[in-house]
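Colleague: After the sequence you'll find the predicted model.
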Amino acid sequence: MSNQSVQTVSTSNDKIKVIAAIVVMIAAVVGFYYLADKPALVRAGALVAGLAFAVLILWTSTTGRDFLNFAKEAVRETKKVVWPTRREAGQITGIVFAFVLIMAIFLWGTDKTLEFLLYDVILGIRK
């Protein structure tokens with residue numbers, strides 16, 4: 001990722017393009033549901049075409065290009081992540097479950113101890 005700080009001034013033309021792209025995306029989703037009686041391929045095609053058109057509109061604006069470049073960099077950074085193996089993930093999950101169980105028992109014991117002290121010892125309500 002770039003460490004340089006760059007300020008860009010968004011023109012009203014760019015804002016109109018971003019709004020148009022959002023409207024086209026919404027129209028694509030609405031069209032997908034509006035074509036419920038059509039075959040799935042037609043519905044999916046309309047959705048994909050609408051979303052692709054919205055991305056093209058977004059690409060023509062400075063803000064949209066910056067966002068799409070950010071998304072590309074985010075995907076690139078995600079690929080650099082070293083994911084745990086299946087065994088490591090299972091071990092970590094087991095440790096988390098054990099910790100949650102221990103904390104639940106601790107909190108239950110604390111609650112019961114405070115309940116005993118408050119109601120039985122201090123207030124003397126229960127006999």
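Modeller: Received it, and whenever you're ready, just let me know what you need. Numbering: from 1, shown residues only.

Colleague: could you point out the longest helix in the protein?
Modeller: Determined from DSSP state H, the single longest helix within the chain is helix 86-115.

Colleague: Which elements pack onto that helix?
Modeller: Where contact means 3 or more C-beta pairs under 8 Å, 6 or more residues apart in numbering; DSSP states H and E, helix 86-115 is not packed against any helix or strand. For every residue, glycine as well, the C-beta is placed using N, CA and C.

Colleague: gap between it and the chain center?
Modeller: 27 Å (C-alpha atoms, centre = their mean, to the nearest Å).

Colleague: Quick check: buried residues in that helix?
Modeller: For helix 86-115, a neighbour-count test (16 or more other C-beta atoms under 10 Å) marks nothing as buried.

Colleague: same thing with stretch 16-36?
Modeller: Neighbour-count burial for stretch 16-36 [16+ other C-beta under 10 Å]: K17, V18, A20, A21, V24, M25, A28, F32, L35.

Colleague: Cross-check the contact I'm expecting between the second one and G64.
Modeller: Yes - applying C-beta atoms under 8 Å, one finds V18 in contact with G64, separated by 6.0 Å.

Colleague: can you put the buried residues of stretch 16-36 in JSON lines and add secondary structure, distance to L123 and pLDDT?
Modeller: Formatted as JSON lines, these follow (DSSP: H, G, I helix; E, B strand; the rest coil; distance: C-beta to C-beta, whole Å; pLDDT from 0 to 100):
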{"residue": "K17", "secondary structure": "helix", "distance to L123": "69", "pLDDT": "88"}
{"residue": "V18", "secondary structure": "helix", "distance to L123": "63", "pLDDT": "86"}
{"residue": "A20", "secondary structure": "helix", "distance to L123": "68", "pLDDT": "91"}
{"residue": "A21", "secondary structure": "helix", "distance to L123": "65", "pLDDT": "90"}
{"residue": "V24", "secondary structure": "helix", "distance to L123": "66", "pLDDT": "93"}
{"residue": "M25", "secondary structure": "helix", "distance to L123": "61", "pLDDT": "93"}
{"residue": "A28", "secondary structure": "helix", "distance to L123": "64", "pLDDT": "93"}
{"residue": "F32", "secondary structure": "helix", "distance to L123": "63", "pLDDT": "91"}
{"residue": "L35", "secondary structure": "coil", "distance to L123": "67", "pLDDT": "90"}
